[in-house]
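Enquirer: Have a look at this prediction, sequence included:
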Amino acid sequence: MRPCLKSTLALFLFQWIVLTGEAQRGFDVSTEGFISANGTDTLACDIFTPNIAAHPGWGIVFLHGGGFYTGSRDGSANQAYCSALAERGIAVMSIDYRLRQIGEGFHCDVSVSDKREAIRWAAKDMIAAIDAFGENFPEGIIAAGSSAGAEAVLDAVYSLHLSSLKGAISLAGGVEPPRVWRDTPVLAVHGTCDALVPYCIDLHHYCSTESAGALLLAGAGGMAKAGAQVELWGIQNAGHELSTLMLTDVFFIERTIDFVNAVVTHTFEPSTTTVPSNQRCSLPQPNESSCE
């Protein structure tokens, strides 16, 4: 076979493979830019649009984790989660947000005021993204986040009282306990042995009360116990690794789909389920999944 004919056939096969792969994928992805809440920085946003929408006019805005000093919307686990939802007909908007703690971290030596501001930056950037692209979801928006992203989502729900959010999804996230828990439906998945974001109500990273970063947070178990409208899935003795692992786990993807369906159809009901595990918890303090 002549070299030019081989090249032509190879090019044809490559194009066929690419086109076939695109045809089999049930969604499109576009990357857009938007202006952050400070009015200066340009941030990126990936919009996953299903070919056939399960709930036309509805969408999820997703915020990645990373302790407010690392992470991005296009991390492999984040992309996998958003793609899985889009394949099931759920439109998703995955955003970057300003990472206030780059080079500083988010540990016990970081002041409470700095931690609050880092969370608020991310929450307000989410609002900026919704302002820019929310018209794509005129029926309703559900905010979802992992770890730091979940903390920003919950801040927007309970502190900023963002009325455009019809529901929230928290994967290993927490929030400062508000005076009043809003009735926004929340899907919360959390390990009962999370050493970074407490499952119940405790100090972030279990910092000492004398430390600069002694920020009190209610994790998923604490939220449910305090009266928030939560569908709680407590993974017994699991730690903060869930914030990444669950993004590619069928269990969490299915729970997300079920939750979206319940919010859209107004059939959501709070519930608490503890998923048993053979893991052992290494936290020094008592670990009670009931948050008594």
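Expert: Looks like it arrived, so ask away. Numbers count the residues shown, from 1 in each chain.

Enquirer: what residue lies at the spatial centre of this structure?
Expert: By CA atoms, centre = their mean, the chain has its centre lying nearest to residue 145, at 1.4 Å.

Enquirer: pLDDT of stretch 47-54, averaged?
Expert: Stretch 47-54 shows an average pLDDT of 97 in the prediction.

Enquirer: what do you get for stretch 146-166?
Expert: For stretch 146-166, mean pLDDT rounds to 96.

Enquirer: Give me the buried stretch members for that stretch, please.
Expert: 146-159, 162, 165-166 (16 or more other CB atoms under 10 Å). Placement of C-beta: from N, CA and C, glycine included.

Enquirer: Ok, stretch 29-45 next?
Expert: Residues 34, 36, 37, 43, 45 are the ones in stretch 29-45 that count as buried (16+ other CB under 10 Å).

Enquirer: what's the spacing between it and its chain's center?
Expert: Distance, stretch centre to chain centre, for stretch 29-45: 18 Å (CA atoms, centre = their mean, to the nearest Å).

Enquirer: For it, which outside residues touch it?
Expert: Applying CB atoms under 8 Å, 6 or more residues apart in numbering, the contact partners of stretch 29-45 are 46-49, 73, 86, 93-98, 121, 124-125, 127-129, 132-133.

Enquirer: Please produce a PyMOL select command covering the buried subset of the residues you listed.
Expert: Filtering the contacts of stretch 29-45 down to the buried ones (16+ other CB under 10 Å) takes a single PyMOL command:
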select buried, resi 46+47+48+73+86+93+94+95+96+97+98+121+124+125+127+128+129+132+133
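
Enquirer: any idea of the mean pLDDT for the strand or helix carrying residue 78?
Expert: Assessed by DSSP states H and E, residue 78 sits inside helix 76-87. Averaging pLDDT along helix 76-87 yields 98.

Enquirer: Could I get the CA-only coordinates of it as CSV?
Expert: Extracted C-alpha coordinates of helix 76-87, given in CSV (Å, rounded to 0.1, in the frame of the first residue of the first chain):
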residue,chain,number,x,y,z
SER,A,76,-10.4,14.8,36.8
ALA,A,77,-12.9,13.8,39.6
ASN,A,78,-14.8,17.0,39.2
GLN,A,79,-15.0,16.5,35.4
ALA,A,80,-16.1,12.9,35.9
TYR,A,81,-18.9,13.9,38.2
CYS,A,82,-20.2,16.6,36.0
SER,A,83,-20.0,14.4,32.9
ALA,A,84,-21.9,11.6,34.7
LEU,A,85,-24.7,13.9,35.5
ALA,A,86,-24.9,15.4,32.0
GLU,A,87,-25.0,11.9,30.6
